[in-house]
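A.B. asks: Sequence first, predicted coordinates after that:
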Amino acid sequence: MAVKFAGGWTRRKQLMAGLGIGFIAVAVAAGQPAYRSARAAAPNEAAPAQDIDIMTEVFRNGEGGFVVTEIAYALGRDAKDSASCPNGMTGGVRALIEAYAKTAPGQRRPEEDDRLYERRLTAAVNTAPNGQNICMHPEAAAPDPNWRMVAGATTVADGIDLDGQDTARGRKPAGGTCGHDDFRGMHGERGVDNQWYRVIGCTTGFQSTGLANSFQTEMYTGSWGILVTLRGVDDLRNDPDVAVGIHASADPIQLSSARAALPYATYAVDRDKRYRANTRGRIANGVLTIVPVDVRFHNYVNSMHDDRILRDARLRLTFTRDGGMEGYLSGYSPIEAMYDLHFGARHSTNAKGELAPERLRLLTSIGRAGALGHTCNGAYHAMLEAADGHPDPATGRCTSISTQFRIRLAPAFVVDAATQSVNAPLTLR
Amino acid sequence: MFMKSIKTSLTRKLAAGFCMVIAGGIGWAQLSTAPAAAPAAEPNLPGTPPTMRRLTELQYRAIIADVFAPDVPIAGRFERARREEGLVAIGTAQGGMSPFSLEQYDASARSIAAAVTGEKRRAQFVPCQPKSDAAFDKGCATRFVELYGLKLFRRPLSAAERTRYVQIARSAQQRLGGFHQGLEYALAGMLVSPEFLLRIENTEHDPRAPGGLRLDAWSKAARLSFFLTNSTPDAELLRAASAGELHTDAGLARQVDRLIASPQLEAAVRAFFWDMLHFDGFGDLFKDPAIYPAYTTDVARDAQEQTLRTIVTHLITDRGDYRDLFTTNKTWLSRPLGIVYRMPVATRNGWEQGEFPASAQRSGILTDISLLALYSHPGRSSPTLRGKALRETFLCEKVPDPPANVSFSIVQDAVNRPGSTARLRLAEHNENPVCAGCHKLTDPLGLTLENFDGTGGFRARENGAELDLSGKLQGTDFTGPQGLGKTLRDNPGVPLCLVQKLYSSASGRPLATKEEPYVEYLLNGFAASGYRLPDLMRAIALSKTFYAVSEPPKPASPPRVAASNKGDRS
């Protein structure tokens, strides 16, 4: 039986979770990009952008879909280009090893060659006083004395105001948050909440030449994707009420032969409801914002899966001339999940959803620390110190950390359908 | 060398008709603007000489799949098919076979024979077991050779052939030590034989027409089978041939009706339209990825499949009117195609059927990516290539190639100039009267498709300029792709062209002028059936003209040795 795709295709109406839009070609960041793009060359550069009638070509019956084509943490400028790290860079595992090597137990033993000696030093600095591995049990170790936080009262960071006020230590924090210093935005705006940048802004792995902010690469291999849908859009400039969906994609991103993300591809939303978020939004003067909603996406590294979670997530997006959107995806990352995602791999799972092999998780976390210039215990305690969201009712200590992403999106067809796929394991997650 | 196709004086008259088209007149193909009153019976025409045609790649693969199994490996590559008079099917009766091609046939034969007689699958394919491993089992070898000789040569082996291949099996076993290795070499020998690679038709005296000739039953079965299944005769058809049933009207009708109703008809229809639409051109098709990033190898593959699926669904499954292929909104989509069409496709890694909305401005297969991309340049659309293709493919008109010294600078230099459209560029180009003659034929059709870019993606403007999609065909004005589709749908030359091409494809030679009454007979039947393709194919398959043969021509002079083996490349 043929499906009639009338007037748009009727199936679309059933399948598409919609999106809302506002027109506007506001250049978000004049001058130097506010965020450190994970890709030096934007994937879409190959195809020259063409001005299109967004309401006609992207939206049909008030519904539109988008796929994230670029995503990276919105941070500040590199430490070497700013005064954000006045106390220098985080020492990382290498600094601990060098310090330990100067102690009596850290001296090379006669029977040790270079490899054995390095292995013993690495093991020593990654072991807590109680004998546990500090990446698997960061709470067992003391804070890393060599960890450096971004500092400075007027330090600039990319992002948006999440808590509705320009917070500073010593002043009463907004409800549901903990005391922290807000940043100034790239254009002088006040109140930017970006404590994740404060934690990792002085580590080498998160500088613009570092590897830690290049997780987008996995998206381009097809491991995961993010979809946004708008529905009930009547006016791209001002619409007080639109339905907004933020979902994990069940399909790999569609690329050209030059590996540029293609617009107008079809993507199915993840079948697992935990990876679907729906909320309301509004378009004011061409800027889409939403009622905060918890979102959850996939993340894959070293064949291991972790959830990327953002609580009370916000979108602040504007429309681009080629029918896409750009702006911010922001919210609060739970400390424990964020630690597993970037540092510890304590609960990473394999393709079947089972806990990944311990050795793989252990080596991955230790390897990350060595390659990216941090220590597991340092990162964990720094995040606890900087946490500014979702206070624990019992302790009053915050459990999440404000996190900002710069994202770009291309128009896409978003469907909700169970279909056959060679990538079935991807969809079953 | 293959036997050259017969170029009759009547054919030359047909060519003269094409020249009239070139001159802006109306060719022979256009004379029959409306079917006359249907002839009561098929005209009685003299036959044409029997043909010898090379198997196409599709036919070769289909035969191996049918005779053995679809997963039997074919290791060789296939030479690019020769296209004559717009059809590979005609080219198969002309031209030679290169050393490269023979090498590849040999590689394929060896891979097939090794798989068929190999230890893993010999129980499936070898009909008997040797009495012992050491001694040659002539009876079993003979059985094997006779079984596959019949299926591959499409006739029983002669005694000499049977003896030859059995002897090959014996010799190979003596040298290689194994009975099945002997069979392997015998089978490989059959697979590189001209009797397999070429469809060689044989004649016999016709007892119903003293002094006349007819195709023998095996050749008749092969002609019928390749026409209706694009493969070798199946067991039932071989049985009917053996029993002489194909020489009776009732027996032939039984087989025709069986094959028309079989799933294999789809393969024949696909092969014909793949040929008619020049889909072999996709092998050379390139699109600039900087301009058309969505055009990928997946799109190129699926674009052909989309059109063929649409054709098969419309013409066979739905028994639709052939002319509606130019206007239907029904289509098939895959995800790679959905990116270019800007349509959602929920099905992953598969196909789904749907309809384009009217707003998409699509019109049947005319606006499929396959045709729009195939007849465009790597970085831009081409109203000229599209118009030429429409006239040659669907109206059987011949549009000449451009003169060798023509300047394309005006057309090419302004491609990206703001406000520039193909219509404006071609208007400048056509100020040269040498160019204008042909462009008057092609451009009025092709310009109506200018709202589709070089890969078939929709565009409302070109270089920011509004598009003028007006066009004209034989005095009929229309606008845009949907206007073009309707105009072609209503043009009587379109079904006439299909009849001509289908019959030429089936017979493997260009249409002769003397066959005009026969074509009119088929056309009238086609119209009476509501332009249903299976009915047209049935009419051809049951007609006497389809099988009629005459004496082969006597060569005027000894064949020339064209090639030099001296390696002189100067």
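C.D. replies: Now that the structure is in, tell me what you want to look at. All of these numbers come straight from a predicted model, not from anything done at the bench.
A.B. asks: just the strands in the stretch 1-150 of chain B please.
C.D. replies: Using DSSP state E, counting those that start in this stretch, the strands assigned to the stretch 1-150 of chain B run over residues B:52-54.
A.B. asks: mind showing which ranges of it have poor pLDDT?
C.D. replies: When the per-residue scores of the stretch 1-150 of chain B are filtered using pLDDT under 70, the ranges that remain are B:1-40.
A.B. asks: Next up, the contacts around the closest residue to chain A within it.
C.D. replies: Chain A sits closest to residue B:71 of the stretch 1-150 of chain B, with a gap of 19.4 Å, by Cβ to the nearest Cβ. Heads up, the C-betas are built off the backbone N, CA and C, glycines and all. By Cβ atoms under 8 Å, 6 or more residues apart in numbering or on different chains, the contact list for residue B:71 is empty.
A.B. asks: how deep is the residue in the stretch 101-250 of chain A that chain B sits nearest to tucked in, by neighbour count?
C.D. replies: When distances are taken as Cβ to the nearest Cβ, the stretch 101-250 of chain A approaches chain B most closely through residue A:250, which lies 8.6 Å from it. Other residues within reach of residue A:250 by the criterion other Cβ atoms under 10 Å in any protein chain shown amount to 29.
A.B. asks: pLDDT weak spots in chain A?
C.D. replies: Counting by pLDDT under 70, chain A has low-confidence residues at A:1-52, A:419-429.
A.B. asks: Can you tell me how far the residue of it most remote from its centre is from residue A:101?
C.D. replies: Of all residues in chain A, residue A:110 has its C-alpha farthest from the mean position, at 46.8 Å, by Cα atoms, centre = their mean. According to Cβ to Cβ, to the nearest Å, residue A:110 stands 16 Å off from residue A:101.
A.B. asks: for residue A:282, same thing?
C.D. replies: Relative to residue A:101, residue A:282 is positioned 58 Å away (criterion: Cβ to Cβ).
A.B. asks: Ok, residue A:149 next?
C.D. replies: For residue A:149 relative to residue A:101 (Cβ to Cβ), the value is 26 Å.
A.B. asks: again with residue B:157
C.D. replies: When Cβ to Cβ is the yardstick, residue B:157 and residue A:101 sit 86 Å from each other.
A.B. asks: These two: which is more packed in?
C.D. replies: Neighbours were tallied for residue B:157 and for residue A:101 using other Cβ under 10 Å; the higher tally belongs to residue B:157 (21 against 16).
A.B. asks: and the spatially closest residue to the more buried one that is not a sequence neighbour, how many neighbours does it have?
C.D. replies: Once flanking residues are discounted, residue B:157 sits nearest to residue B:149: 3.9 Å by Cβ to Cβ, 6 or more residues apart in numbering or on different chains. Residue B:149 has 24 neighbours, counted by other Cβ under 10 Å.
A.B. asks: Correct me if wrong: residue B:149 contacts residue B:156.
C.D. replies: Yes. Under the criterion of Cβ atoms under 8 Å, residue B:149 lies in contact with residue B:156, with a separation of 7.2 Å.
A.B. asks: residues in contact with the nearest residue to residue B:90 once chain neighbours are set aside?
C.D. replies: With Cβ to Cβ, 6+ apart as the measure, residue B:84 is the residue that lies nearest to residue B:90, at 4.4 Å, once sequence neighbours are left out. Neighbouring residues of residue B:84 by Cβ under 8 Å, 6+ apart: B:5, B:90-91, B:94, B:510.
A.B. asks: Which of those fall in helices?
C.D. replies: Those of the contacts of residue B:84 mapping onto helices are B:90-91, per DSSP state H.
A.B. asks: Now do whatever residue of the stretch 201-350 of chain A ends up closest to chain B against residue B:84, distance only.
C.D. replies: When distances are taken as Cβ to the nearest Cβ, the stretch 201-350 of chain A reaches nearest to chain B at residue A:256, 3.6 Å away. Distance, residue A:256 to residue B:84, using Cβ to Cβ: 37 Å.
A.B. asks: ranges for the helices of the stretch 401-550 of chain B?
C.D. replies: Under the criterion DSSP state H, counting those that start in this stretch, helices of the stretch 401-550 of chain B are mapped to B:409-413, B:422-429, B:433-446, B:480-489, B:493-507, B:516-528, B:533-542, B:544-547.
A.B. asks: And the stretch 201-350 of chain A, by the same measure?
C.D. replies: Counting by DSSP H, counting those that start in this stretch, the segments of the stretch 201-350 of chain A that form helices are A:216-220, A:335-339.
A.B. asks: got a list of contacts for the first one?
C.D. replies: Contacting residues not belonging to helix A:216-220 are listed as A:38-39, A:43, A:68, A:70-72, A:224-226, A:253, A:255, A:259, A:261, A:299-301 [Cβ under 8 Å, 6+ apart].
A.B. asks: shouldn't residue B:42 be in contact with residue B:521?
C.D. replies: Yes. Using Cβ under 8 Å as the test, residue B:42 is close enough to residue B:521 to be in contact (5.5 Å).
A.B. asks: out of these two, which sits in the busier spot?
C.D. replies: Taking residue B:42 and residue B:521 together and counting by other Cβ under 10 Å, residue B:521 has the greater number of neighbours (23 against 17).
A.B. asks: quick one on the thing from earlier: of the contacts of helix A:216-220, buried ones?
C.D. replies: Judged by neighbour count, with 16 or more other Cβ atoms under 10 Å in any protein chain shown as the criterion, the buried members of those are A:38-39, A:43, A:68, A:70-72, A:224-226, A:253, A:255, A:261, A:299-301.
A.B. asks: max-length helix in chain A?
C.D. replies: Looking across chain A with DSSP H, the single longest helix is helix A:358-372.
A.B. asks: Quick check: which element contains the residue nearest the centre of chain B?
C.D. replies: Chain B has residue B:275 as the residue nearest its centroid, 3.0 Å off, counting by Cα atoms, centre = their mean. Under the assignment given by DSSP states H and E, the secondary-structure element containing residue B:275 is helix B:264-276.
A.B. asks: which other residues reach the helix or strand following that helix?
C.D. replies: Remark: after helix B:264-276, the chain's next helix or strand is helix B:297-312, criterion DSSP H and E. Helix B:297-312 is contacted by residues A:257, B:266, B:269-270, B:273-274, B:277, B:279, B:282, B:285, B:325, B:328, B:330-334, B:336-337, B:339-340, B:351, B:364-365, B:368-371, B:373, B:455-456 when judged by Cβ under 8 Å, 6+ apart.
A.B. asks: from these, which would you call buried?
C.D. replies: In terms of neighbour count (16+ other Cβ under 10 Å), the buried residues within the contacts of helix B:297-312 are B:266, B:269-270, B:273-274, B:277, B:279, B:282, B:285, B:325, B:328, B:330-334, B:336-337, B:339-340, B:351, B:364-365, B:368-371, B:373, B:455-456.
A.B. asks: Residue A:152: what secondary structure?
C.D. replies: coil (DSSP: H, G, I helix; E, B strand; the rest coil).
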